[in-house]
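> Please work out how this folds:
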Amino acid sequence: YLNEKTVTMPADTIPPKTYALIGGTTAMSNFKVYGKTIAIKSFPALLNDGMLLRLYDPQGNLVGFANYTKEWYNDSTRNGGGYSLECIDYSNLAEGKNNWRASIASEGGTPCAPNSVMASNPDTTPPKLYYIEIPDSKKIHLFFSEPMDSLAATLQENYRTELNIYNITIGELYTRVTFELAETLEPEKIYEISISGLTDFAGNTLPDTVIRVGLPQLARKGDIVINEVLFNPYVGGTDFVELFNRSSKCFDLSHISIANRNETDLTLKDVNPTSPLPKLFFPNEFAVITVNPNQVTQFYYCQNPSSFIKVDKLPAFNNDKGYVVLINSENEVIDELRYTEKMHNRLLNDVKGVSLERVNPNMPTNQSSTWQSAAQAAGFATPTYQNSQYTDLTESNSKFTLTPEIFSPDGDGRDDYLLINYQLPEPGYVANIRIFNANGIEIYRLANNLTLGTSGQLRWDGTDTQNRRVNSGIYIVYIEYFNLSGEVKREKKTCVVGYR
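Modelled structure (predicted):
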């Protein structure tokens with residue numbers, strides 16, 4: 001088989017330890033000078049970018065295979081054409097890319113002769129679990145980095161789990177192991193599987209590992225939120241978007257796409273999957289989507305590198321303004337952020353390389369107080385872990401609460417803002433909020449006849465009416481709010497501005 005095209009070999013014999021060339025009739029007539037040839041009419045072309053080749057015996061047993069790509073050349077000067085791909089070590093036929101390279105023969109190949117790159121090249125690399133796929137509620141696929149020993153891979157004793165697995169099979173190329181379950185996976189339940197005793201063809205052992213699986217659900221609005229965005233990276237850096245699963249569900253990120261919008265008609269554009277392969281996204285996990293994780297880690301501390309997802313393409317996010325849109329497989333919007341560079345801390349002279357962080361996943365996405373510049377103390381971005389500006393939403397019997405009560409608007413990224421949270425019994429309230437210093441002088445008006453929702457948050461950045469930073473000291477937040485029925489309420493809160 002060449003991909004899915006069947007080629008039936010004519011009756012012929014290849015003596016032991018000898019070579020034979022297989023190809024189209026015209027090509028084989030030209031190659032007869034090198035040795036034995038087997039000509040096949042209408043032989044399919046071997047594709048330049050890659051192809052799966054499989055050889056079967058008359059009983060249908062797989063004898064050999066090669067799933068080559070351009071990367072198998074392992075030589076950028078020879079992968080453009082004119083050179084054959086040669087196997088390095090015939091006894092290591094299953095390792096793939098690591099056991100093949102471009103011919104170094106002067107003719108560009110060695111038909112019917114020992115390969116020019118022939119050498120001892122045993123497989124000493126332990127296999128890895130590549131990714132997990134849950135195609136339905138009663139089946140689990142494990143994909144490995146290289147062909148696995150079929151006996152060990154299908155032995156139930158090598159898997160410890162509460163799941164009721166009634167059958168284990170291995171795929172034709174020995175890289176996929178499938179569990180068939182007697183009972184369906186329950187939604188919103190996470191299962192663990194302990195794996196041990198698995199080896200590849202060469203006997204290299206897969207390190208003992210524990211994996212988690214769950215039944216992927218369709219992500220709805222608010223299940224996953226945009227948690228951090230870097231849209232103006234350093235020179236040599238790259239954009240990233242961090243997602244947070246705030247639900248109790250499991251999702252497959254390959255079924256979720258990220259996009260931006262056309263500024264003119266707001267239609268979606270640059271729609272790309274958030275993962276090129278199946279990727280389970282569990283509750284309370286972070287996922288950082290970027291085209292090059294190395295261009296992120298060179299500038300920022302990354303606590304959980306496994307949370308990176310490398311994609312071929314990310315939407316173009318302009319440095320001044322734009323949209324970040326998450327959509328599910330039914331083209332429903334899961335979360336959407338309209339960002340501008342003006343959302344950054346006004347005290348920052350330069351916002352290049354500074355991410356915007358979500359203060360709390362439960363706050364409205366497009367409320368300005370939801371976003372703050374990442375803290376300087378954290379390196380101006382926190383990909384793969386909790387945001388430096390994360391704030392717990394304080395619950396209180398008071399309709400308005402202040403967080404934190406002591407803040408320092410000095411631009412260091414730590415407690416730079418006073419957050420005024422409110423929880424009102426009904427909609428329709430209008431608020432006036434003024435800031436007074438300890439002498440009773442009004443220094444800033446935060447809200448003037450501002451219509452409030454039933455809950456939300458406002459933010460004071462520690463500046464006065466002339467956009468100057470206020471001095472250290474005690475300040476009074478005077479809140480007056482009323483509804484259309486004429487009911488007027490007032491609250492006084494105190495906060496402290498203290499510089500370090």
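> since we're on residue 48, how many residues are nearby?
10 (other Cβ atoms under 10 Å). C-beta coordinates here come from the backbone N, C-alpha and C atoms, glycine included.
> Distance of it relative to residue 109?
15 Å (Cβ to Cβ, to the nearest Å).
> do the same with residue 136
Residue 136 is 46 Å from residue 109, by Cβ to Cβ.
> Compare neighbour counts for these two and give me the winner.
Neighbours per residue, other Cβ under 10 Å: of residue 136 and residue 109, the larger number sits with residue 109, 17 against 11.
> residues contacting the more buried one?
Neighbouring residues of residue 109 by Cβ atoms under 8 Å, 6 or more residues apart in numbering: 83, 84, 86, 103.
> Show me those that map onto strands.
residue 86 (DSSP state E).
> residue nearest the centroid of this structure?
In the chain, the residue lying closest to the centroid (Cα atoms, centre = their mean) is residue 309, at 2.9 Å.
> in its sheet, what does the helix or strand hosting that residue sit against?
Taking DSSP states H and E as the criterion, residue 309 maps to strand 308-310. Under the criterion DSSP bridges, strand 308-310 sits next to strand 286-290 (parallel) in its sheet.
> ok, residues contacting the strand it pairs with?
Taking Cβ under 8 Å, 6+ apart as the rule, strand 286-290 contacts 227, 238-245, 253, 258, 274-275, 279, 281, 296, 302, 304, 307-311, 314, 383-385.
> what is the mean pLDDT for that strand?
The predicted model assigns strand 286-290 a mean pLDDT of 98.
> Alpha carbons only: can I get that strand in PDB?
Output in PDB follows, covering the C-alpha atoms of strand 286-290 (Å, rounded to 0.1, in the frame of the first residue of the first chain):
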ATOM      1  CA  PHE A 286      -4.300  26.500  32.000                       C
ATOM      2  CA  ALA A 287      -3.400  26.100  28.300                       C
ATOM      3  CA  VAL A 288      -1.100  28.600  26.500                       C
ATOM      4  CA  ILE A 289      -1.600  28.700  22.800                       C
ATOM      5  CA  THR A 290       1.400  29.900  20.700                       C
END
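> How far away from the center of its chain is that strand?
Relative to its parent chain, strand 286-290 has a centroid offset of 4 Å by Cα atoms, centre = their mean, to the nearest Å.
> One more: stretch 186-194?
Distance of stretch 186-194 from the chain centroid (Cα atoms, centre = their mean) equals 21 Å.
> that older thread, among the contacts of strand 286-290, name the ones in strands.
Among the contacts of strand 286-290, the residues falling in strands (DSSP E) are 227, 240, 241, 242, 243, 244, 245, 258, 281, 308, 309, 310.
> Buried among those residues? Need that as a selection in PyMOL.
In PyMOL, this line selects whichever of the ones in strands among the contacts of strand 286-290 come out buried by 16 or more other Cβ atoms under 10 Å:
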select buried, resi 227+240+241+242+243+244+245+258+281+308+309
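> sorry, back to before: could you save the contacts of residue 109 as JSON lines and add columns showing neighbour count and pLDDT?
Putting these into JSON lines (neighbours: other Cβ atoms under 10 Å; pLDDT from 0 to 100) gives the following:
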{"residue": "83", "neighbour count": "20", "pLDDT": "95"}
{"residue": "84", "neighbour count": "16", "pLDDT": "95"}
{"residue": "86", "neighbour count": "21", "pLDDT": "96"}
{"residue": "103", "neighbour count": "20", "pLDDT": "96"}
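> Find the pair from the contacts of residue 109 with maximum spatial separation.
Spatial extent of the contacts of residue 109 (Cβ to Cβ) is set by the pair 83 and 86 at 8.9 Å.
> Quick check: neighbours shared by these two?
102, 103, 109.
> just to revisit the earlier point, turn the contacts of residue 109 into CSV, columns for distance to residue 97.
Listed next are the contacts of residue 109 as CSV, based on distance: Cβ to Cβ, whole Å:
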residue, distance to residue 97
83, 16
84, 16
86, 13
103, 16
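> Next, give phi and psi for the nearest residue to residue 431 once chain neighbours are set aside.
In this structure, residue 431 finds its nearest non-sequential neighbour in residue 481, 4.2 Å apart by Cβ to Cβ, 6 or more residues apart in numbering. Backbone torsions for residue 481, taken as degrees, to the nearest 10, come to phi -140, psi 140.
> rewinding a little: past the strand holding residue 309, which element shows up next along the chain?
Criterion used, DSSP H and E; the element after strand 308-310 is strand 321-327.
> low-confidence ranges in the stretch 201-350 of the chain?
347 (pLDDT under 70).
> end to end, how far does stretch 435-448 reach?
Start-to-end span of stretch 435-448 (Cα to Cα, to the nearest Å) is 12 Å.
> Equivalent analysis for stretch 412-421, please.
23 Å.
> Please apply the same query to stretch 82-99.
Stretch 82-99 end-to-end distance (Cα to Cα) = 20 Å.
> Ok, stretch 391-404 next?
Termini of stretch 391-404 sit 9 Å apart (Cα to Cα).
> starting at the chain centroid, how far to stretch 54-69?
Taking Cα atoms, centre = their mean, one finds stretch 54-69 lying 34 Å from the centre of the chain it belongs to.
> oh, I was asking about stretch 40-51
With Cα atoms, centre = their mean, you get 35 Å for stretch 40-51.
> Let's test this: mean pLDDT of it, rounded?
The pLDDT scores in stretch 40-51 average 92.
> Mind putting the ones in strands among the contacts of strand 286-290 into a markdown table with distance to residue 486?
As requested, the ones in strands among the contacts of strand 286-290 are exported to a markdown table (distance: Cβ to Cβ, whole Å):
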| residue | distance to residue 486 |
| --- | --- |
| 227 | 42 |
| 240 | 50 |
| 241 | 46 |
| 242 | 46 |
| 243 | 45 |
| 244 | 42 |
| 245 | 45 |
| 258 | 48 |
| 281 | 49 |
| 308 | 56 |
| 309 | 54 |
| 310 | 59 |
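> hang on, the earlier thing: from residue 485, how far out is the residue nearest to the centre of the chain?
Counting by Cβ to Cβ, the gap from residue 309 to residue 485 is 51 Å.
> for the stretch 1-150 of the chain, what spans make up the helices?
Under the criterion DSSP state H, counting those that start in this stretch, helices of the stretch 1-150 of the chain are mapped to 25-31, 150-153.
> Point me to the helix or strand that includes residue 202.
Judged by DSSP H and E, residue 202 forms part of no helix or strand.
> Quick check: chain neighbours aside, which residue is closest to it?
Nearest one to residue 202, counting by Cβ to Cβ, 6+ apart, is residue 123 at 3.8 Å.
> burial count for the one you found?
22.
> residue contacts, residue 272?
So residue 272 contacts 257, 258, 259, 311, 312, 313, 314, 315 (Cβ under 8 Å, 6+ apart).
> That one bridge partners, please.
residue 258.
> any idea how far residue 311 is from it?
Residue 272 is 6 Å from residue 311, by Cβ to Cβ.
> cool, residue 471 as well?
48 Å.
> Show me which of these two is the more surrounded one.
More crowded of residue 471 and residue 311, by other Cβ under 10 Å: residue 311, with 17 against 13.
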